[in-house]
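Visitor: using only what follows, build the 3D model:
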Amino acid sequence: MKMLINRNFALLWSGQAISIIGDFVFNTTLVIWIVVQVAKGQTWAPLAVGGVLLLGSLPTIVLGPLAGVFVDRWEKRRTMLAMDALRFAAIACLLLASLMTLSPAWQLSMIYITVFMVNACGQFFRPAMLTLIGDIVEEPQQARAMGLGQASISLAAIIGPPLAPPLLLAFGVQWALLLNALSFVVSFITIMAIQVPCLSEGSAPRQTAGLWQEFSAGLRFLLSSRILVTLIVSTMIAMLGAGVINTLDVFFVTQNLHTPVALYGTLDAVLGIGTILGAILAAMFAQRIGLTRTIWCSTLALGVLVTIYARLTGFLPAAVLLFVMGVPLAALDVAAGPLILQMTPRWQHPHRAPPRAPHAGRHVRRQTRAGLAG
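Guide: Here you go, the predicted model:
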């Protein structure tokens, strides 16, 4: 249990590890589903794939700034349970729709609605989980906790994406949808078993200001921090770049890298192997180097490596580069979480806790990883 810090974190980590595997399989399957079935041979196929990205990113823009305000008012574990239940329901509905004979327009509509709902729930789940980690993991262990979280993401990237294309082509899309739906059930069960400390702000009732006052206070708090503002700006830039790569990556792999679509997920696995090495190194050295320095060095390195990646024309060089790219990507992930927790400490008065700033660092690494992994 010590390897996973404590019982509560071990439960959270194990449930999320399984859930993330389901997410990777689901995300990769959606892209392949659109390319080889829904929009097969159509000139609008890149636009259809781009729609998945747009509907996946829209909740970040629309709900992200307000989600933290609501999450601060809600009990964290209960919020996470509700979001898992809603995501299970959304995936289950798409699974039922996939069993019907629908036109491409209806298929895309169902995919887009599901993607939007799942990502909208994620806007509430992620800040609640980050706050919960701050409750159940002591500060000296938080960088290690983030490193373990990154390791689970890397493991999921190795297991999930390479399986998605061949299994979809052989057995259909339903298996991936079922796997992702069941992964939310596992996450729900493990979160239910977590015992939240009684001093957690979400466990004790407290008086709160009005929604607008609390949001304004959170915005002022955010703008007063140069580090958090920098992370927000980085998020916006990363989302722009990730949008282009996410839309075109499957076409880049099959056309520029001359790789069969069945191997599309293999590059994700190579990236995942690199991030395991990066997570280990970052967990060991991020605190010594400094969290801020780790983030800006990793971001700069990623920019250079993505530029090189865009000029490649073969599968093997791309695989080697993505392995190297995994190291700074993991370092960014490991350093961002503890830095945000340090920059948004709990208010000392038990009934007047300030709202959390938007979780920019998580979006930076999430969008960057999404752009690289496709």
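
Visitor: from here on, just use CA atoms for contacts and neighbour counts.
Guide: Noted.

Visitor: next, count neighbours for the residue nearest to residue 263 when sequence neighbours are not counted.
Guide: Spatial nearest neighbour of residue 263, excluding adjacent residues (C-alpha to C-alpha, 6 or more residues apart in numbering): residue 162 at 6.8 Å. Neighbour count of residue 162, defined by other C-alpha atoms under 10 Å: 22.

Visitor: and if you look at residue 42?
Guide: So residue 42, with other C-alpha under 10 Å, has 12 neighbours.

Visitor: so how far is residue 35 from it?
Guide: Distance check for residue 42 against residue 35: by C-alpha to C-alpha, to the nearest Å, it reads 9 Å.

Visitor: just to revisit the earlier point, any idea which helix or strand comes after the helix or strand containing the residue nearest to residue 263?
Guide: Here residue 162, judged by DSSP states H and E, is contained in helix 142-171. Next helix or strand after helix 142-171 toward the C-terminus (DSSP H and E): helix 174-192.

Visitor: what angle sits between that next one and helix 142-171?
Guide: Helix 174-192 runs at 150 degrees relative to helix 142-171, counting by axes from the mean of the first three to the mean of the last three C-alpha atoms, to 10 degrees.

Visitor: packing partners of helix 174-192?
Guide: helix 7-33, helix 76-98, helix 142-171 (3 or more C-alpha pairs under 8 Å, 6 or more residues apart in numbering; DSSP states H and E).

Visitor: so which bits of the longest one are buried?
Guide: Which is helix 142-171. 142-166, 168-169 (16 or more other C-alpha atoms under 10 Å).

Visitor: just the angle for that helix relative to helix 7-33, thanks.
Guide: 40 degrees.

Visitor: quick one: distance of helix 142-171 to the chain centre.
Guide: With C-alpha atoms, centre = their mean, to the nearest Å as the basis, helix 142-171 stands 11 Å off its chain's centre.

Visitor: one more: the second one?
Guide: Helix 76-98 sits 16 Å away from the centroid of its parent chain (C-alpha atoms, centre = their mean).

Visitor: okay, angle between that helix and helix 7-33 too, please.
Guide: 20 degrees.

Visitor: any idea of the mean pLDDT in helix 76-98?
Guide: Averaged over helix 76-98, pLDDT sits at 94.

Visitor: after that helix, which helix or strand is next? Please name it.
Guide: Following helix 76-98 in sequence, per DSSP H and E, is helix 104-136.

Visitor: counting contacts, what elements does that following helix pack onto?
Guide: Short answer (3+ C-alpha pairs under 8 Å, 6+ apart): helix 104-136 packs on helix 7-33, helix 45-62, helix 64-73, helix 76-98, helix 315-343.

Visitor: mean pLDDT for those helices: which is lowest?
Guide: That would be helix 64-73, which, of all the helices and strands packed on helix 104-136, carries the lowest mean pLDDT at a mean of 79.

Visitor: who does that one touch, helix- and strand-wise?
Guide: helix 104-136, helix 211-223.

Visitor: any buried residues in the longest one, and which?
Guide: Spelled out, it's helix 104-136. Using 16+ other C-alpha under 10 Å as the test for burial, helix 104-136 gives 107-108, 110-112, 114-136.

Visitor: between it and helix 76-98, how big is the angle?
Guide: 160 degrees.

Visitor: off-centre distance for helix 104-136?
Guide: Helix 104-136 has its C-alpha centroid displaced from the chain centroid by 9 Å (C-alpha atoms, centre = their mean).

Visitor: mind putting the helices and strands packed on helix 174-192 in a markdown table, distance to residue 312 included?
Guide: Output for those, formatted as a markdown table (distance: least, C-alpha to C-alpha, whole Å):
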| stretch | distance to residue 312 |
| --- | --- |
| helix 7-33 | 22 |
| helix 76-98 | 36 |
| helix 142-171 | 21 |
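
Visitor: how about the ones you listed, which one is nearest residue 67?
Guide: Smallest distance to residue 67 across those (C-alpha to C-alpha): 11.2 Å, for helix 76-98.

Visitor: and that closest one, what does it pack onto?
Guide: helix 104-136, helix 174-192.

Visitor: okay if I get those helices as CSV plus distance to residue 74 and mean pLDDT?
Guide: Shown next, in CSV, are the helices and strands packed on helix 76-98 (distance: least, C-alpha to C-alpha, whole Å; pLDDT from 0 to 100):
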stretch, distance to residue 74, mean pLDDT
helix 104-136, 9, 92
helix 174-192, 16, 92
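
Visitor: for residue 300, find the nearest of the ones you listed.
Guide: Closest among the helices and strands packed on helix 76-98, using C-alpha to C-alpha: helix 104-136, at 25.1 Å.

Visitor: now the angle from that closest one to helix 315-343?
Guide: Calculated by the same axes, to 10 degrees, helix 104-136 forms an angle of 50 degrees with helix 315-343.

Visitor: just checking, residue 98 touches residue 172?
Guide: No - applying C-alpha atoms under 8 Å as the test, residue 98 and residue 172 come out as separate, 9.5 Å apart.

Visitor: need the helices and strands packed on helix 64-73 in TSV with distance to residue 75, can you?
Guide: Listed next are the helices and strands packed on helix 64-73 as TSV, based on distance: least, C-alpha to C-alpha, whole Å:
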stretch	distance to residue 75
helix 104-136	8
helix 211-223	16
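
Visitor: indicate which one of those is closest to residue 53.
Guide: Closest among the helices and strands packed on helix 64-73, using C-alpha to C-alpha: helix 104-136, at 8.7 Å.

Visitor: picking that back up, thought residue 271 was touching the residue nearest to residue 263, still the case?
Guide: No - in this structure, residue 162 is not within contact of residue 271 by C-alpha under 8 Å, at 11.5 Å.
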